[in-house]
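[1] Any chance you could fold what I've pasted below:
(one chain, ligands or ions: 2)
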Amino acid sequence: MQEREVEVAVIGAGTAGLSAWQVARQYHERVVLIEGGEPGTTCARVGCMPSKLLIAAAESAHQAREAAGFGIAVGRVDVDGQEVMARVRRQRDAFVESVLDSMRRIEPENRLSGHARFEDPHTLRVGDDLRLRARAIVIATGSRPHRPKAFAPAGDRLVDSDAVFEWNDLPASLAVFGPGIVGLELGQALARLGVRLRMFGKSGSLGPFQDPALRDYAERTFGDEFYLDPAAQVETIERDGDQVAITFLERGSGRRLTERFDYLLAATGRRPNLDQLDLQNAGVALDDKGVPHYNRFTMQCRSADDESAGSHVFIAGDASQELPLLHEANQQGRIAGHNAGRYPERRAGRRSTPLSIAFTDPQMATVGLSRDEAASRFGCDGVAEGEATFEDQGRAVVMRQNRGLMRLYAEHGSGQFLGAELFGPRVEHIAHLLAWALEQRLGVERMLEMPYYHPVLEEGLRSALRDLSRVLLQGPAMTERCLEYGPGG
Ligand SMILES: Cc1cc2nc3c(=O)[nH]c(=O)nc-3n(C[C@H](O)[C@H](O)[C@H](O)COP(=O)(O)OP(=O)(O)OC[C@H]3O[C@@H](n4cnc5c(N)ncnc54)[C@H](O)[C@@H]3O)c2cc1C
Ligand SMILES: NC(=O)c1ccc[n+]([C@@H]2O[C@H](COP(=O)([O-])OP(=O)(O)OC[C@H]3O[C@@H](n4cnc5c(N)ncnc54)[C@H](O)[C@@H]3O)[C@@H](O)[C@H]2O)c1
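    Ligands and ions are numbered 1, 2, ... in the order given. So this is what the prediction gives:
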């Protein structure tokens, strides 16, 4: 058995691990990055990037079909599944290669390959033949798709999002279980690429939305495009030759149907990669799901012996299960890396405003506090709600994308903007404006004083802010949009 000693060991070379390694290396020479699986990061290999590549192809097919609405004839739209998937994989491989290029710049002695697990609080076993002692350790092991046991009868026709990006061709049909962000992004894209698709949920939830008005609006909108039942009654899942037979009660009619699909896509959430780390040996306090208790400003895990004391173990990214998003993994990784590098000294890192965007069409986004979080913090009477639809919004009408709703929350009295849920065309941009407004602690009146060009989608945001201002009793309702702001403003 080889033995080594280092200052910091980072477990997992994903986005969180890479950023933790980079900052910890500023403090010490001996900072190792350990990767036990395929290098290249979840984001580039099987996450953000390949999913957006698939969505881009679907958008192209959709726009070609929609062109007739502008008086433009494009003829029949044929989707070449093999070409679509070949481009997804080609571009995906280029993104992975750029990550691998960065990793090659890490000194070879600081790059380790092998599965890591704890032997004691300061000792990691890496693979079969290395024992590593580290002064501080960062857990950045990411997450993996969850496959419920009930789907097992589908056998090798059961796939998760990782497998989709390895397809050489598009299937003819697909049953998607889980209308979360992964299910909606991939499901809508595949439906637009011509895959016959049904989407089944369990709890009634839809994507990232908490506000019932947004959830219902989105459910109607997606339901117009493909079969969607967020609270489905599925009776059996069986293998039938090369297909999966699913028996369910059809939404609306209640009829019992048995349908066959080429694949069952499990998009039913992700689980942190903590279960094979032997965390019971790490000396950290764990919750009932086996996730370490940690401080979200230092990313320091609490000690198992004394819950009020911090340990030398830090956590970052999807492994923490806090907000499984790329920019969060990066930020948490930096904080964990700094504090592991400085250990035992610690500093609180800056956590930014919660921001989440689903790249569906219309897009879904959440910013800041949800409606329920705002109510629990300020009381139901303390929170004002304003809204605007995109249905008559000028620029959205021009683009034939006039579907969607925005709901904004603010504190009564102070007029402080608190959060929003958005469903509409390209709301990724409005979501950023709102997150930046929250970072600057702007009030609704100040946000209304900002410049709004014409005709842009952001004028829809102004309508929602005007409505919020009315509810806050700070300003009048907008009654004459055209006189006040111009057509569709
Ligand atoms: C389909 C899909 C689409 C997504 N789209 C977006 C998006 O558009 N925008 C966005 O913000 N987020 C998106 N995400 C989420 C985003 O990809 C993740 O939040 C992010 O990649 C997590 O990074 P990480 O560093 O925590 O984990 P990872 O990148 O998964 O890195 C963890 C690494 O640890 C390694 N590892 C695990 N256990 C061990 C061990 N014991 N020893 C050694 N190594 C180990 C793993 O092999 C892995 O390489 C998407 C996710 C999916 C699945
Ligand atoms: N654009 C983005 O930023 C982006 C894209 C993809 C993923 N992600 C990240 O990845 C995380 C995981 O996404 P996800 O969609 O896998 O998980 P999720 O938790 O968002 O959604 C899972 C869905 O599956 C449903 N479900 C659970 N068990 C089920 C069952 N047995 N049958 C049917 N439905 C069932 C849940 O009710 C929920 O609607 C997200 O929370 C997000 O942070 C982000």
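[2] Quickly note the distance from A189 to ligand 2.
    According to Cβ to the nearest ligand atom, to the nearest Å, A189 stands 12 Å off from ligand 2. Just so you know, the C-beta spots here come from the backbone N, C-alpha and C atoms, and that holds for glycine as well.
[3] no no, N281
    29 Å.
[4] With L325 instead?
    5 Å.
[5] residues in contact with that residue?
    Neighbour list for L325: S356 [criterion: Cβ atoms under 8 Å, 6 or more residues apart in numbering].
[6] neighbours around the closest residue to L369 other than its chain neighbours, how many?
    Computed as Cβ to Cβ, 6 or more residues apart in numbering, the closest residue to L369 that is not its neighbour in sequence is G419, at 3.7 Å. Under the neighbour criterion other Cβ atoms under 10 Å, G419 is assigned a count of 24.
[7] Just the buried positions in the helix or strand containing G419, please.
    Assigned by DSSP states H and E, G419 falls within strand 417-424. Buried residues in strand 417-424, counted by 16 or more other Cβ atoms under 10 Å: F417, L418, G419, A420, E421, L422, F423, G424.
[8] Pairing partners for it, with directions?
    Note on strand 417-424: by DSSP bridges, its sheet partners are strand 363-368 (antiparallel), strand 405-411 (antiparallel).
[9] Can you list the neighbours in contact with the first one?
    By Cβ under 8 Å, 6+ apart, the list of residues contacting strand 363-368 from outside reads 181, 184, 207-210, 214, 218, 353-358, 409, 417-428, 430-431, 434-435, 438.
[10] pLDDT score for E119?
    Note for E119: predicted pLDDT of 98.
[11] Would you mind measuring from it to A282?
    10 Å (Cβ to Cβ, to the nearest Å).
[12] Neighbour count for those two, which is higher?
    A282 (27 against 14).
[13] Tell me the pLDDT of the residue in the stretch 51-200 of the chain that ligand 1 sits nearest to.
    Nearest residue of the stretch 51-200 of the chain to ligand 1, counting by Cβ to the nearest ligand atom: G142, 2.4 Å away. On pLDDT, G142 comes in at 98.
[14] So which residues of the stretch 151-300 of the chain form strands?
    Assigned by DSSP state E, counting those that start in this stretch, the stretch 151-300 of the chain shows strands spanning 158-159, 173-177, 196-200, 227-229, 233-240, 243-249, 256-261, 263-266, 270-272, 300-302.
[15] Go ahead and confirm T42 touches G142.
    Yes. Between T42 and G142 a contact is recorded at 5.5 Å, counting by Cβ atoms under 8 Å.
[16] Report the set of residues contacting both of those two.
    Residues touching both T42 and G142 (Cβ under 8 Å, 6+ apart): G14, D318.
[17] quick one: S469 and ligand 2, what's the gap?
    30 Å.
[18] Tell me what the residue nearest to L369 is bridged to.
    Bridge pairing for G419 - DSSP bridges - gives G368, Y409.
[19] Go ahead and confirm it touches A435.
    No. Judged on Cβ under 8 Å, G419 makes no contact with A435 at a distance of 9.7 Å.
[20] Show me which of the contacts of strand 363-368 are buried.
    181, 184, 207-209, 214, 218, 354-358, 409, 417-427, 430-431, 434-435, 438.
[21] Check the closest residue to ligand 2 within the stretch 1-150 of the chain and give its pLDDT.
    Among the residues of the stretch 1-150 of the chain, P148 lies closest to ligand 2, at 4.6 Å counting by Cβ to the nearest ligand atom. Per-residue pLDDT puts P148 at 96.
[22] Just give the number of residues close to A232.
    A count of nearby residues for A232, using other Cβ under 10 Å, gives 20.
[23] Skipping adjacent residues, who's closest to it in space?
    In space, and not counting its chain neighbours, A232 is closest to F200: 3.8 Å by Cβ to Cβ, 6+ apart.
[24] Could you do A16 as well?
    Nearest to A16 is G317, by Cβ to Cβ, 6+ apart, at 2.8 Å.
[25] what sits against that neighbour?
    Counting by Cβ under 8 Å, 6+ apart, G317 has contacts 12, 14-17, 140-142, 324, 328-329, 332-333.
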